[in-house]
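**Student:** Just the structure for this:
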Amino acid sequence: MKKTFRSPISVSKKELLDKPGNTDKRFRQLIYDLSVAGSLLEVARQNLAKKLGVSPPQYNILMVIAQYQGANGLRFTEVADHLHVTVSHVTSEVKKLEKLKWLSVVTSHEDKRARLVKINQSAESKILSLGNDQRGINDHLFRNLSKSDFDKLSAIMAQTVEDFMKTIELLKSRHL
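**Tutor:** This is a model prediction of the structure:
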């Protein structure tokens, strides 16, 4: 009689193992669910980007700038930090959005070395008109979250993204 194959446990941290600690089925399901949730969220954001006529990375950049620009604009590094991407990526996409008349790049009054980016007035109306679609999609995506769930999820995801980024850095440097 052939022995049943059993895949190796993919995590050793006891808090992530099933009781009594000899399987990782819940952990693996969490990974699958995170992967699917990320993919589905990306589909929703692609839909919003398409409505604006921009690419998904450009959409993300526009939304961060629109949210945080204030009266003066936002530094490229701040945009990159919010999106967890490189400044060179932001710079490349901002140049494209500037050519498409979505954004303006200006020199900071406080620090002449710093460049700030702002949503153009003509683009403001397009972003404002997208608001109903954004609310509808986001309300539906997160319809089952309570305030407490949302607070916990927000905190957990912020830390998890940091952990994921550090892990990828280790993978790239071959230290894992």
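**Student:** and whichever strand or helix holds residue 106, C-alpha only, in PDB?
**Tutor:** If you go by DSSP states H and E, residue 106 is part of strand 103-107. The C-alpha trace of strand 103-107 is given here as PDB (Å, rounded to 0.1, in the frame of the first residue of the first chain):
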ATOM      1  CA  LEU A 103       0.100  66.900 -12.700                       C
ATOM      2  CA  SER A 104       2.300  69.900 -12.300                       C
ATOM      3  CA  VAL A 105       5.800  69.700 -10.800                       C
ATOM      4  CA  VAL A 106       7.000  72.800  -9.000                       C
ATOM      5  CA  THR A 107      10.000  73.700  -6.900                       C
END
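**Student:** So for it, mean pLDDT?
**Tutor:** On average, the pLDDT along strand 103-107 is 93.
**Student:** just stretch 156-170 next, same as before
**Tutor:** The model assigns stretch 156-170 a mean pLDDT of 94.
**Student:** Grab the CA positions of it and hand them over as CSV.
**Tutor:** What follows is stretch 156-170, C-alpha atoms only, in CSV (Å, rounded to 0.1, in the frame of the first residue of the first chain):
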residue,chain,number,x,y,z
ILE,A,156,-1.8,44.3,10.9
MET,A,157,-1.4,45.1,7.2
ALA,A,158,0.9,48.0,7.9
GLN,A,159,3.2,45.8,9.8
THR,A,160,2.8,42.9,7.4
VAL,A,161,3.8,45.0,4.4
GLU,A,162,6.9,46.1,6.3
ASP,A,163,7.7,42.5,7.1
PHE,A,164,7.1,41.4,3.5
MET,A,165,9.4,44.1,2.1
LYS,A,166,12.2,43.2,4.5
THR,A,167,11.8,39.6,3.5
ILE,A,168,12.0,40.4,-0.2
GLU,A,169,15.2,42.4,0.5
LEU,A,170,16.7,39.4,2.2
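**Student:** Quick one: the helices in this structure, in order.
**Tutor:** Using DSSP state H, the helices of the chain run over residues 25-52, 56-68, 76-83, 87-99, 121-129, 131-141, 147-172.
**Student:** domain ranges for this protein?
**Tutor:** Using automatic domain parsing, the domains assigned to the chain come out as 13-52, 55-123, 145-176.
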